[in-house]
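Q: this one's sequence-less:
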């Protein structure tokens, strides 16, 4: 499989948020077996969908030949390694219930791939609904 650019969103609103981002990047580098190829500035944003402390967010790009579901497993492995234990929750209408989190690693883009499975949606639906993602993506355009 040919290598593609994978864009990830990192977010944290618990503990030492700056250190959480740095640790996540180190673990992602180890998981991908290479250093990221691009990163945005870190941006502070209010919690969306629940009342909680502000988040620090950034986007990072890796080049990989791993398949999308393998990349998802790598991202979830980083979350777990950092202590994230919560599974996604949904209300009676099927809307996601959000919580504070030490780290969140989401796949925004996987090359030009479009996927819509129960496990993974690419592009990530938040690309269109979160203003900070659109703003940070401007730093990654070639």
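A: Looks like it arrived, so ask away. Owing to the predicted nature of the structure, the values given are computational and were not obtained by experimental measurement. Numbering: from 1, shown residues only.
Q: from residue 55, how far out is residue 96?
A: Separation of residue 96 from residue 55 (C-beta to C-beta, to the nearest Å): 15 Å. For every residue, glycine as well, the C-beta is placed using N, CA and C.
Q: ok, the two, which is more surrounded?
A: Between residue 96 and residue 55, residue 55 has the larger neighbour count (other C-beta atoms under 10 Å), namely 22 against 11.
Q: state which helix of this protein is the longest.
A: Counting by DSSP state H, the longest helix found in the chain is helix 17-32.
Q: after it, which helix or strand is next?
A: Remark: after helix 17-32, the chain's next helix or strand is strand 38-39, criterion DSSP states H and E.
Q: ok, residues contacting that following strand?
A: 25, 58-61, 139-140 (C-beta atoms under 8 Å, 6 or more residues apart in numbering).
Q: show me how to select, in ChimeraX, the buried members of the residues you listed.
A: Of the contacts of strand 38-39, the buried ones can be selected in ChimeraX as follows, counting by 16 or more other C-beta atoms under 10 Å:
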select :25,58,59,60,61,140
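Q: JSON lines for the contacts of strand 38-39, including secondary structure and distance to residue 38?
A: Below are the contacts of strand 38-39 laid out as JSON lines (DSSP: H, G, I helix; E, B strand; the rest coil; distance: C-beta to C-beta, whole Å):
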{"residue": "25", "secondary structure": "helix", "distance to residue 38": "12"}
{"residue": "58", "secondary structure": "strand", "distance to residue 38": "11"}
{"residue": "59", "secondary structure": "strand", "distance to residue 38": "8"}
{"residue": "60", "secondary structure": "strand", "distance to residue 38": "7"}
{"residue": "61", "secondary structure": "strand", "distance to residue 38": "4"}
{"residue": "139", "secondary structure": "coil", "distance to residue 38": "8"}
{"residue": "140", "secondary structure": "coil", "distance to residue 38": "5"}
